[in-house]
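> sequence and predicted model, in that order:
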Amino acid sequence: MTIKKGTHAPFHLPKILLNTKCLSYEVEFTDSCRYDIGSEDQGDINKLFGIGYFPSHHYNSVRIGWNYDIPTDKIKLWAYWYDKGQRQWAYLKSVDINTTHCFSIIMENDEHIIDLGDVTYSVHVKPKLIGYLLRPYFGGNQVAPHDIVINFENI
């Protein structure tokens, strides 16, 4: 998957999810995921994948987020969610670039479980019967400074 320079995301038609219990992807952040956009925007959380619920993913959603940490040369991973319109996030861990990882979001009972293999995190947003897939998005307020390539495969 490539996010082209000067954009936030590749174009995709919406994908409706019915009674989904788990989203799982094999992910590799390539060398192109290194970037320096300066100032406070460097810490903005990009989105990897997740699930949104109607009426808007800015009202109820759960995603795995990421950003590039220049000092450590690693990708920081985040839980990123909206609960009744309130945006929240939590740092989960850092991973190496050019290494394959398996990430999941599991929907059960009244929460979503983000599973990064050796780290799990509970997000207390109640899953709903109908949702939609949230795909990779660069930003915050900044667009991709160059082509960003993430090897991204549904498992």
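Now that the structure is in, tell me what you want to look at. Residues are numbered from 1 along each chain as shown.
> can you pull up the most central residue in this structure?
Nearest to the centroid of the C-alpha atoms of the chain, with distances taken as C-alpha atoms, centre = their mean, sits residue 48, at 2.7 Å.
> starting at the chain centroid, how far to the helix or strand encompassing it?
According to DSSP states H and E, residue 48 maps onto strand 46-53. Once both centres are worked out by C-alpha atoms, centre = their mean, to the nearest Å, strand 46-53 turns out to sit 5 Å from its chain's centre.
> hang on, the earlier thing: how close does the residue nearest to the centre of the chain sit to residue 28?
The spacing between residue 48 and residue 28, counted by C-beta to C-beta, to the nearest Å, is 12 Å. C-beta coordinates here come from the backbone N, C-alpha and C atoms, glycine included.
> any regions of the chain where pLDDT drops low?
In the predicted model of the chain, no residue satisfies pLDDT under 70.
> so who does residue 47 touch?
Neighbouring residues of residue 47 by C-beta atoms under 8 Å, 6 or more residues apart in numbering: 63-66, 80, 134, 136-137.
> a markdown table for these, including secondary structure?
Output for the contacts of residue 47, formatted as a markdown table (DSSP: H, G, I helix; E, B strand; the rest coil):
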| residue | secondary structure |
| --- | --- |
| 63 | strand |
| 64 | strand |
| 65 | strand |
| 66 | strand |
| 80 | strand |
| 134 | strand |
| 136 | coil |
| 137 | strand |
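> ok, these vs residue 56, which is closest?
Comparing the contacts of residue 47 against residue 56 with C-beta to C-beta places residue 134 closest, at 11.2 Å.
> how many neighbours does the closest one have?
A count of neighbours around residue 134, defined by other C-beta atoms under 10 Å, yields 24.
> correct me, but residue 12 touches residue 135?
Yes. Counting by C-beta atoms under 8 Å, residue 12 sits close enough to residue 135 to count as a contact (5.6 Å).
> any idea how far residue 56 is from the closest residue to residue 59 other than its chain neighbours?
In space, and not counting its chain neighbours, residue 59 is closest to residue 85: 5.1 Å by C-beta to C-beta, 6 or more residues apart in numbering. Distance of residue 85 to residue 56, given as C-beta to C-beta: 9 Å.
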